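J.: I'd like to go over a predicted model; first the sequence, then the structure.
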Amino acid sequence: MPIIEKDINTAESAIRKGPLTPADNNVLKDLDNAQKMAVIASQTHNATGLLYLHRIASDLSEWCYGDVTDGKYWGDTITLNGDNVDQLEQYIKDNEVTG
């Protein structure tokens with residue numbers, strides 16, 4: 001398992017240990033999207049998947065640590081009510097690796 005997927009799985013496991021709040025569920029959805037982007041990027045050598053993965057991680061970092069980017073974020077996470085989530089999820093549907 002590539003290291004990025006291992007880290008995402010570890011984060012998901014930590015969140016799932018306690019009672020889930022609506023925010024936790026959103027983070028889990030974002031982590032799921034990040035994992036899908038990692039697979040797309042690694043198996044298809046697709047730079048766009050890697051770019052989306054970076055943006056999800058950056059947005060979640062902003063959510064987790066506070067205003068580290070002066071309030072600027074990519075808008076690619078459900079957690080931060082991002083404007084680009086529909087586009088990101090469509091990209092996953094169009095490029096998801098199956099099997």
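T.: That came through, no problem. Residues are numbered from 1 along each chain as shown.
J.: Which elements pack onto the lengthiest helix in the chain?
T.: Looking across the chain with DSSP state H, the single longest helix is helix 22-44. The contact analysis (3 or more CB pairs under 8 Å, 6 or more residues apart in numbering; DSSP states H and E) places helix 22-44 against helix 3-16, helix 47-65, helix 85-95. The C-beta positions use only the backbone N, C-alpha and C, and glycine is treated the same way.
J.: quick one: contacts of the longest one?
T.: Spelled out, that is helix 47-65. Outside helix 47-65, the residues that touch it by CB atoms under 8 Å, 6 or more residues apart in numbering are 4, 27, 30-31, 33-34, 37-38, 40-41, 68-69, 73-77, 79-80, 82, 88, 91, 95.
J.: buried subset of those?
T.: The neighbour count (16 or more other CB atoms under 10 Å) marks 4, 27, 30-31, 33-34, 37-38, 40-41, 73-74, 76-77, 79-80, 82, 88, 91, 95 as buried among the contacts of helix 47-65.
J.: got any ranges where this structure has weak pLDDT?
T.: Residues of the chain meeting the criterion pLDDT under 70: 1-20, 67-71, 99.
J.: Mind checking which residue lies nearest the centre of it?
T.: Central residue of the chain (CA atoms, centre = their mean): Ala34, 3.1 Å from the mean position.
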